[in-house]
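A.B. asks: Kindly return the folded structure for what I paste below:
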Amino acid sequence: MSGKPARPGVGKDKRTQTVIWSVVGGFVVFVCAIGVFGGDSDTSVPAPAADERSGTVPILKAATDSQGICYGWELLDVYDDVSVGSNLGDGTTVIDAPGCAPWIAVSANVRYTSSSSESEDSATIQIKGSEDIEYSELYAIETGLGRFGLDEGAFLGDPGWAVTRAATILPLLAAERGLAGPAAPPAAGPSTPSAPLPDAGSDFWRDRWLYILSSAALFLLAALFIAVGVRQRRRHRGGVPAQRAGAGAAGRTRSIR
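C.D. replies: Alright, predicted model coming up:
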């Protein structure tokens, strides 16, 4: 009966390759799912930096001393307070504060949505004031913020900077509306060297760690697949001559008989 002898281990090799490709495919699907559903999941609104808050308070205090109007800011994350401050200090609201009449404050309510949501990010900027300031004057000040680039895009891009920057503009806009005289500049304090900021690390790794990790894992799986393939190929090359030699020996035995 003629025919080529079956090569040993062929079925086993195919099963091994099938398992490896299944693992690779499953891992790729898993990484894609992480990229789609796990990216951009942080919707919290960042507060103003410490130097932004500490630099804003003396400006507002100097304006209050010269104009007689209290100034402040508040940053909201929908319903949660993120940051408040005024000429009274960082963390102290000027809204209805004792001894502050009249008062003007910028109120920003920022809402971030996840990447999987159909809703868009939004920011609502409002100028609040005491009862002795007319609504039309407050609205004019609110509109005037746009001349300094403090629109919705600025508050969405960097809410902390935008709200403190808007607070420092309030004395100027109030003077333009005739609510007070020009604000005096803040007195220069003693020059003290600022402490160096901590190393924030590399933006490259912080923004791309997921993709780098996924690529490394895929390379490792590819290397495993290649190593298994090379091993199986060497096993085939070593087994074929042995089969031929055995077949030749069997032929010689039949010839002798």
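
A.B. asks: got the buried residues for stretch 112-119?
C.D. replies: Within stretch 112-119, the residues that qualify as buried by neighbour count (16 or more other Cβ atoms under 10 Å) are residue 112. (C-beta placed from N, C-alpha, C; glycine too.)

A.B. asks: what pLDDT, on average, does that stretch get?
C.D. replies: Per-residue pLDDT over stretch 112-119 has a mean of 83.

A.B. asks: Quick one: end-to-end distance for that stretch.
C.D. replies: The straight-line separation of the ends of stretch 112-119 (Cα to Cα, to the nearest Å) is 9 Å.

A.B. asks: Please apply the same query to stretch 126-141.
C.D. replies: 9 Å.

A.B. asks: Strands along the stretch 101-250 of the chain, start to end?
C.D. replies: 103-111, 122-129 (DSSP state E, counting those that start in this stretch).

A.B. asks: For residue 135, find the nearest of those strands.
C.D. replies: strand 122-129 (8.3 Å; Cβ to Cβ).

A.B. asks: coming back round to it: closest to residue 180 out of the strands of the stretch 101-250 of the chain?
C.D. replies: Of those, nearest to residue 180 by Cβ to Cβ is strand 103-111, at 9.6 Å.

A.B. asks: before we move on, the earlier item: CSV please, covering the strands of the stretch 101-250 of the chain and showing mean neighbour count and distance to residue 216.
C.D. replies: Converted to CSV, these look like this (neighbours: other Cβ atoms under 10 Å; distance: least, Cβ to Cβ, whole Å):
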stretch, mean neighbour count, distance to residue 216
strand 103-111, 23, 36
strand 122-129, 18, 38
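
A.B. asks: and those as CSV, adding distance to residue 164?
C.D. replies: Shown next, in CSV, are the strands of the stretch 101-250 of the chain (distance: least, Cβ to Cβ, whole Å):
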stretch, distance to residue 164
strand 103-111, 9
strand 122-129, 13
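
A.B. asks: Of all those, which one is nearest residue 163?
C.D. replies: The closest of those to residue 163 is strand 103-111. By Cβ to Cβ, the value is 4.7 Å.

A.B. asks: Against which helices or strands is that closest one packed?
C.D. replies: Applying 3 or more Cβ pairs under 8 Å, 6 or more residues apart in numbering; DSSP states H and E, we find strand 103-111 packed against strand 70-77, strand 122-129, helix 152-157, helix 159-176.

A.B. asks: For residue 143, see how far away residue 164 is.
C.D. replies: 20 Å (Cβ to Cβ, to the nearest Å).

A.B. asks: got it, and residue 68?
C.D. replies: Distance of residue 68 to residue 143, given as Cβ to Cβ: 24 Å.
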